[in-house]
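K.L.:
One predicted model, sequence on top.
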Protein chains: 2
Amino acid sequence: MISVIILGAGNVATHLFEAFNNAENITVNQWYNRSLEPLQPFKNIVGITNDISQLKDADMYILAVSDDAISSLSSQLPFVNRLVVHTSGSVGIHELDKKNKRGIFYPLQTFSKDSDIDFSEVPICLEIEHKKDLSVLKDLATAINSKFYKVNSDQRSALHLAAVFVNNFTNQLYRIAHEITESESVNFNILKPLIKETANKINTLSPYLAQTGPAKRNDKKTIKKHLKALEKDIHKDIYELITKSIQQTHGKKL
Amino acid sequence: MISVIILGAGNVATHLFEAFNNAENITVNQWYNRSLEPLQPFKNIVGITNDISQLKDADMYILAVSDDAISSLSSQLPFVNRLVVHTSGSVGIHELDKKNKRGIFYPLQTFSKDSDIDFSEVPICLEIEHKKDLSVLKDLATAINSKFYKVNSDQRSALHLAAVFVNNFTNQLYRIAHEITESESVNFNILKPLIKETANKINTLSPYLAQTGPAKRNDKKTIKKHLKALEKDIHKDIYELITKSIQQTHGKKL
């Protein structure tokens, strides 16, 4: 049995609580947040507190708080030599106070407040200061059915950066497509099967091999027509820049 | 029973042939290509020809050829007043020779040569010159289990342009993510669940509401760190431009 205490009450904290609470081999000993309000709905299933001096014992303390709060919260912890991990993709392990044993438990997935998360679809990136702390973090990931990957700091930073491209930036391309279809009163839903298949395709082909379209085949006529049709300057700029990027990747020139 | 003749032997032509051939209510009367070679594997199940003067009768002729070949191929057809459609997203209906009744049967999906296509996941955009030709095109789409959408020329152009953003451009973002992970010897597979979930999320949320991340919350520290970490200038440019686009969409300034 692994005992944990969660600190924080955002999306990641809440989804982790649900997953830990449903796991057979994990006990959540306590849930801390500086405001008790978001924890109230859970007070009958877990001990809640807003008083950091009242933190109980546990195998590990999970700081699922905003990036900016990690360092100061870790300094305020009223104990030493225990395992303290954060869940951020971009904050260094050394921003945790060195009075405790440090680690990172970074779930590489997009979390929405309202939708359930299937943790078997959430890869966990693990980083540790002391080698002997790795096994309990592996066990924690396994207990919620997640795959885990041991990474170093540079690798975690690369994953966090790459995640911005495949999640935030991709979602913005969906948004631009939504604007383009709305400007002609076309149903955006018509594009959803293509969006799904584009994501599925890389399960069998690398993105390099999966590429098609006017940029790759240097179809100047279509590219010109598209640039003319785009109404917003920033959409034209994005079209030109990603077209250039595709042509650099595939060895063609505009 | 709908009888069709396919002209062309690329990905779209081949996948349409397979779908039509498997459909109960469709007969493929003939398959034409200017070279017989790619049609040879099918010669025992359908009549094949490379002689355009030998085209048989059919309810419709489907020109599934490259954009540049549509106009001249339609002019070479040795008959008049029959229904002739092309399958392109970007070629105008009037590029088909006016001696025949014109239409468009545009499957909005990405096709790979080797993988099977489930046509229930392929929306078909229909455009017609004469209203009375619509029903046979609807029946054709329905016979292969596809959803169909009647669109006008401007709407089809908008869909084709939007498709470049959600397919080619999104795939290039996957490619950039692949380069970023490879530069630190991290397994690109770690990102695949996030790619899948990003595509799934828009089934329940608009791309506007689905947006998260450093650009949206104007997290300057992370943005700066990411820009510094990117090795290629064009990746920095794409990062800056899409960040700007997200901030314009969500009303924040860099």
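P.N.:
Noted; the coordinates are in hand. Numbers count the residues shown, from 1 in each chain, chains lettered A, B, ... in the order given.
K.L.:
in chain A, which spans are strands?
P.N.:
Counting by DSSP state E, chain A has strands at residues A:2-7, A:26-32, A:48-49, A:60-63, A:83-86, A:101-107, A:124-128, A:148-150.
K.L.:
and those, which is most packed in?
P.N.:
Of the strands of chain A, the one with the most neighbours on average (mean count of other Cβ atoms under 10 Å in any protein chain shown) is strand A:83-86, at a mean of 26. C-beta coordinates here come from the backbone N, C-alpha and C atoms, glycine included.
K.L.:
ok, it: who's next to it in the sheet?
P.N.:
Strand A:83-86 has its sheet partners listed here by DSSP bridges as strand A:60-63 (parallel), strand A:101-107 (parallel).
K.L.:
Could you break chain A into its assigned domains?
P.N.:
Per automatic domain parsing, the domain ranges recorded for chain A read A:2-151, A:156-249.
K.L.:
The shortest one: end-to-end distance?
P.N.:
If I follow you right, that is domain A:156-249. 25 Å (Cα to Cα, to the nearest Å).
K.L.:
what does the longest one give?
P.N.:
Using Cα to Cα, the end-to-end distance of domain A:2-151 comes to 22 Å.
K.L.:
and the closest residue to A:Lys201 other than its chain neighbours, how many neighbours does it have?
P.N.:
Counting by Cβ to Cβ, 6 or more residues apart in numbering or on different chains, A:Lys201 lies nearest to A:Ala210, which is 4.8 Å off, once chain neighbours are set aside. Here the number of neighbours of A:Ala210 (other Cβ atoms under 10 Å in any protein chain shown) works out to 21.
K.L.:
A:Leu134: what's it in contact with?
P.N.:
A:126, A:128, A:150 (Cβ atoms under 8 Å, 6 or more residues apart in numbering or on different chains).
K.L.:
That should have said A:Glu24, apologies.
P.N.:
A:Ala143.
K.L.:
Quick check: it vs A:Gln30, distance?
P.N.:
Distance from A:Glu24 to A:Gln30, counting by Cβ to Cβ, to the nearest Å: 19 Å.
K.L.:
what are the ranges of the helices in the stretch 1-150 of chain A?
P.N.:
A:11-22, A:67-76, A:134-143 (DSSP state H, counting those that start in this stretch).
K.L.:
Most tightly packed of these?
P.N.:
It is helix A:11-22: most buried of the helices of the stretch 1-150 of chain A by mean count of other Cβ under 10 Å, with a mean of 20.
K.L.:
quick revisit: what would the helices of the stretch 1-150 of chain A look like in JSON lines with mean pLDDT?
P.N.:
What follows is the helices of the stretch 1-150 of chain A, written out as JSON lines (pLDDT from 0 to 100):
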{"stretch": "helix A:11-22", "mean pLDDT": "96"}
{"stretch": "helix A:67-76", "mean pLDDT": "97"}
{"stretch": "helix A:134-143", "mean pLDDT": "98"}
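K.L.:
any chance of those helices in CSV, plus distance to B:Ser183?
P.N.:
Converted to CSV, the helices of the stretch 1-150 of chain A look like this (distance: least, Cβ to Cβ, whole Å):
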stretch, distance to B:Ser183
helix A:11-22, 27
helix A:67-76, 23
helix A:134-143, 25
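K.L.:
among those, which is nearest B:Ile242?
P.N.:
Proximity to B:Ile242 (Cβ to Cβ) singles out helix A:67-76 among the helices of the stretch 1-150 of chain A, at 20.6 Å.
K.L.:
what's in contact with that closest one?
P.N.:
A:7-8, A:52, A:63, A:65, A:84, A:86, A:88, A:90-91, A:95-97, A:100, B:219, B:221-222.
K.L.:
List only buried entries from those residues.
P.N.:
Among the contacts of helix A:67-76, those classed as buried by 16 or more other Cβ atoms under 10 Å in any protein chain shown are A:7-8, A:63, A:65, A:84, A:86, A:88, A:90-91, A:96-97, A:100, B:219, B:222.
K.L.:
give me the number of residues near the nearest residue to A:Leu173 once chain neighbours are set aside?
P.N.:
In space, and not counting its chain neighbours, A:Leu173 is closest to B:Phe165: 4.7 Å by Cβ to Cβ, 6+ apart. If you count neighbours by other Cβ under 10 Å, B:Phe165 ends up with 27.
K.L.:
mind listing what B:Phe165 touches?
P.N.:
A:173-174, A:176-177, A:180, A:239.
K.L.:
same thing but 10 Å
P.N.:
Neighbouring residues of B:Phe165 by Cβ atoms under 10 Å, 6 or more residues apart in numbering or on different chains: A:170, A:172-180, A:191, A:195, A:226, A:230, A:235, A:238-239, A:242.
K.L.:
and if you look at A:Leu7?
P.N.:
Listed by Cβ under 10 Å, 6+ apart, the contact partners of A:Leu7 are A:13, A:30-34, A:49, A:52, A:55, A:61-65, A:69-70, A:73-74, A:76-77, A:84, A:86.
K.L.:
Apply 6 Å and report the result again.
P.N.:
A:Leu7 is in contact with A:32, A:63, counting by Cβ atoms under 6 Å, 6 or more residues apart in numbering or on different chains.
K.L.:
Mind pulling up the pLDDT for it?
P.N.:
Looking at A:Leu7, its pLDDT stands at 98.
K.L.:
now it, which residues is it bridged with?
P.N.:
Using DSSP bridges, the beta-bridge partners of A:Leu7 come out as A:Tyr32, A:Leu63.
K.L.:
Isn't the residue nearest to A:Lys201 up against A:Asn203?
P.N.:
No - the criterion here is Cβ atoms under 6 Å, and A:Ala210 misses it with A:Asn203 at 10.0 Å.
K.L.:
mind listing what A:Asn100 touches?
P.N.:
A:82, A:84.
K.L.:
what's the distance between it and chain B?
P.N.:
24 Å (Cβ to the nearest Cβ, to the nearest Å).
K.L.:
Phi and psi next, for that residue.
P.N.:
Main-chain torsions, A:Asn100, degrees, to the nearest 10: phi -110, psi 170.
K.L.:
Equivalent analysis for A:Glu24, please.
P.N.:
The phi/psi pair for A:Glu24 (degrees, to the nearest 10) is phi -70, psi -40.
K.L.:
ok, it to chain B distance?
P.N.:
Going from A:Glu24 to chain B by Cβ to the nearest Cβ gives 23 Å.
K.L.:
Show the pLDDT at that residue.
P.N.:
At A:Glu24, pLDDT is 95.
K.L.:
and if you look at A:Ala229?
P.N.:
So, for A:Ala229, pLDDT stands at 97.
K.L.:
List the contacts of the closest residue to it other than its chain neighbours.
P.N.:
Setting aside the residues directly before and after it, A:Ala229 is nearest to B:Leu161 in space (Cβ to Cβ, 6+ apart), at 5.6 Å. When contacts are counted by Cβ under 6 Å, 6+ apart, B:Leu161 touches A:180, A:226, A:229.
K.L.:
again with A:Ile26
P.N.:
A:Ile26 neighbours (Cβ under 6 Å, 6+ apart): A:2, A:20, A:143.
K.L.:
how about 7 Å then?
P.N.:
If you count contacts by Cβ atoms under 7 Å, 6 or more residues apart in numbering or on different chains, A:Ile26 has them with A:2, A:4, A:20, A:140, A:143.
K.L.:
How about A:Asn203?
P.N.:
Neighbouring residues of A:Asn203 by Cβ under 7 Å, 6+ apart: B:Lys192.
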